[in-house]
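> I'd like to go over a predicted model; first the sequence, then the structure.
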Amino acid sequence: MSTASASDLLIWYDRHRRDLPWRARAGEQPDPYRVWLSEIMLQQTTVQAVKPYFAAFLARFPDVGALASAPSEAVMNAWAGLGYYSRARNLHACAQAVVALHGGHFPDTEAGLRSLPGIGAYTAAAVAAIAFGRVAAAVDGNVERVMSRLHALEAPMPAGRGAVAAHTLAIVPTDRPGDFAQALMDLGATICTPRKPACALCPWQAPCRARQAGTQESYPRKAPKKERAQRHGIAFVVLRADGAILLRTRPPKGLLGGMAEVPTSAWTAEPDAADAMASRPLLADWLTANIPVRHVFTHFPLELTVLAARVPAMTDAPEGGRFTPLAALGDEPLPTLMRKVIEAGLGALGEPVKRRG
């Protein structure tokens, strides 16, 4: 049986590498800031979704110093829509640590990178390999899939990640560790896909044990998923007569921490109308949107009933709230969930689209 070689993969990569905005071209020195930023953005997010955000973020914060000195509100606003908002808070804290503790230069080792906020094992290995040429095993979902199939690893993920890392590290070449890491990612993203992998085009088709057995799509093995209990709540969209909408800021830590939102009730496993209505921010004549807003978080699905009301122009915001003009909503760090809620609320009020900033 033949064995997988790094050289075969790198030959394939040199011919088929993806042209990505954060990736250095052949012969160019990678920029650690761009490598790190892209790796944080790509966590739990697709390449296509990240591309426009990466360009806009880089234009707004061109280097780690600019990001470190930016107000947290500006960072959260630039991140709005990418989801998993703890990443944005950690991103900002990491930039500040790089500037304060390392003179604006990223540490060039896995251990040094792991000491920074928001950088875990995968990100540290990826940045160390790609930006600094360190021999490291950067194991993401693509690499898990490739190596699990290549070696027919039976341990379910995530418990089997250690074996994947060991097999990966065993063949990382000392001369091109960064290209090797990116080649593995590209192979998983374009050839060794979750369904219908293009095995005939794979540089490792000969040594792949799963291909030989015809069981490619059964790897990596997965532990049974736990049932995620749905949560329910009520969201309150308050539109003032002067065209301003009531918002507040979520606590800095926790789900959607530091983001803007309309007032809501608690999100509970069972709908509790009495408790939810006690959460109304103002006394008003409330209208109910025709369709609830549904959103899926990592650990649970959420269904929000949207109530909307108009109030006079002189209405003051309740404690902890603020009225923001509809035209200025683009400057607020609103997550996708809240943008959907606001759209539903304005729709219930018959608000013309042209007024929805």
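Yep, that arrived. Numbers count the residues shown, from 1 in each chain.
> Please, where are all the strands along the stretch 1-150 of the chain?
Using DSSP state E, counting those that start in this stretch, the strands of the stretch 1-150 of the chain do not appear at all; there are none.
> what's the longest helix in the chain?
Ordering each helix of the chain by length in residues (DSSP state H) puts helix 86-102 first.
> where along the stretch 101-250 of the chain do the helices fall?
110-114, 121-132, 141-151, 161-169, 177-190, 209-213 (DSSP state H, counting those that start in this stretch).
> Take those helices and write them to a markdown table, including mean pLDDT, mean neighbour count and distance to A24.
Placement of C-beta: from N, CA and C, glycine included. Formatted as a markdown table, these follow (pLDDT from 0 to 100; neighbours: other Cβ atoms under 10 Å; distance: least, Cβ to Cβ, whole Å):
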| stretch | mean pLDDT | mean neighbour count | distance to A24 |
| --- | --- | --- | --- |
| helix 110-114 | 96 | 18 | 18 |
| helix 121-132 | 97 | 24 | 8 |
| helix 141-151 | 96 | 24 | 19 |
| helix 161-169 | 95 | 18 | 21 |
| helix 177-190 | 97 | 22 | 9 |
| helix 209-213 | 96 | 17 | 32 |
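> who wins for proximity to K222 among those helices?
helix 141-151 (10.2 Å; Cβ to Cβ).
> what about the closest one, distance to the chain center?
How far helix 141-151 lies from its chain's middle: 22 Å, per Cα atoms, centre = their mean, to the nearest Å.
> name the helices or strands packed onto it?
helix 161-169, helix 177-190, helix 209-213 (3 or more Cβ pairs under 8 Å, 6 or more residues apart in numbering; DSSP states H and E).
> so which of those helices comes closest to S5?
Closest among these, using Cβ to Cβ: helix 177-190, at 10.9 Å.
> Residues contacting the closest one, please?
6, 9-10, 12-13, 16-18, 23, 30, 47, 125-126, 129-136, 138, 140-143, 145-146, 168, 172-173, 198, 202-204 (Cβ atoms under 8 Å, 6 or more residues apart in numbering).
> got any ranges where the chain has weak pLDDT?
1-2, 352-357 (pLDDT under 70).
> how is it carved up into domains?
6-218, 231-355 (automatic domain parsing).
> P224 is nearest to which of these?
domain 6-218 (8.6 Å).
> and that closest one, how far out from the chain's middle?
13 Å.
> Over to stretch 231-248?
For stretch 231-248, the distance to the chain centre is 26 Å (Cα atoms, centre = their mean).
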